Structure formats: structure tokens, C-alpha cells
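Enquirer: Kindly return the folded structure for what I paste below:
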Amino acid sequence: MFKPSSLLRRALLADALASGASGALLSFDAAPLGAWFGLPASLLQTAGIVSLAYAVLVAWLGTRDALWRPAVWAVVAGNVAWALGSVELLFTTSPSTLGLAYVIAQALLVAVLAELQFMGLRRSARMTMQPA
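Expert: Predicted structure coming up:
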């Protein structure tokens, strides 16, 4: 267990906020967004539901006094995978110009959050567990 740095805590909470907002939008407005973005509504709705669940988990992590290093690494790896998957999506679908802009923007944001979380993880001090 380790004590998270303020950078890590803020990066996790920013990730939770962005994921929650995006997840809510995609979950509840998938059909019109799918038409505007030129992407399947079912894909957007699934991504939205996954993002909402992810946001809850990351918000919970961001509020803990002590974190388990593998859990944070999983968040960083998940963000990298999401960003790379977003780029892959551009090659496997035919999004509209608006969809292209959305996918690129969210992929860049997720990549920046992954980098900030990685930097925050490196700044975090190790913390030993106190016996109960």
C-alpha cells in the first residue's frame, strides 16, 4: 500500500469526472450521437455504460488514503488501452467529421490522464500498512 500523491489523487478524480460525464452522455443519448458521429449507437451506449462503472471505481480510488499499486497500474493500463482502441476505431469504422473529432479528442484526453496518473504514481510515497 502507498500514500497517493496529490497529483495522482487529482488525476484519478479528473478521470472519474470526465468518464462519468462522457459515460452519462453516451449512455442516455446514444442514438442521436450515433447518427451525428457516424458510429453505431450500440457501441456508444456500451462505451457509456462501461465509462460510468469505471468512473465509480476511479472516483473511489481517488478518495482513498492508501492505494494498492497494482490497482493504479490497472487504471493507467486501461486508459492506454482505451486510447489505443479509440485510434483503432478510426480505422475500423467510418465516423463523420464530428465523430472523428470526438474520438480523437477523447483519445487524447484519456492519454493525457494516463500520463498524469503515471507521473502521480511515481511521485507517491510508499506507505506501509499499520497493524489493526
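Enquirer: give me phi/psi at Leu67?
Expert: Reported as degrees, to the nearest 10, the phi and psi values for Leu67 are phi -120, psi 150.
Enquirer: For it, which non-adjacent residue is closest in space?
Expert: Spatially, and ignoring its direct neighbours in sequence, Leu67 is nearest to Pro4 (5.2 Å; Cβ to Cβ, 6 or more residues apart in numbering). In short, each C-beta sits where N, CA and C put it, glycine included.
Enquirer: any idea how far the one you found is from Gly48?
Expert: Pro4 sits 27 Å away from Gly48 when distances are taken as Cβ to Cβ, to the nearest Å.
Enquirer: so where is the chain shaky, pLDDT-wise?
Expert: 126-132 (pLDDT under 70).
Enquirer: can you give me the strands for it?
Expert: In the chain, the strands defined using DSSP state E lie at 2-3, 125-126.
Enquirer: Which secondary structure elements does the first one sit against?
Expert: When you say that, I think you mean strand 2-3. strand 125-126 (3 or more Cβ pairs under 8 Å, 6 or more residues apart in numbering; DSSP states H and E).
Enquirer: returning to that earlier point: out of Pro4 and Gly48, which sits in the more crowded spot?
Expert: A count of neighbours by other Cβ atoms under 10 Å puts Pro4 above the other of Pro4 and Gly48, at 25 against 21.
Enquirer: Pretty sure Gly120 is one of the things the more buried one touches, is it not?
Expert: Yes - assessed by Cβ atoms under 8 Å, Pro4 is found in contact with Gly120 at 6.9 Å.
Enquirer: Please name whichever of the strands of the chain is nearest to Leu100.
Expert: strand 2-3 (39.4 Å; Cβ to Cβ).
Enquirer: quick one: Glu23 and Val58, what's the gap?
Expert: Rather than Glu, residue 23 is Gly. Distance of Gly23 to Val58, computed by Cβ to Cβ: 11 Å.
Enquirer: and if you look at Trp68?
Expert: For Trp68, the distance to Val58 equals 14 Å [Cβ to Cβ].
Enquirer: Many thanks, I have nothing further to ask.
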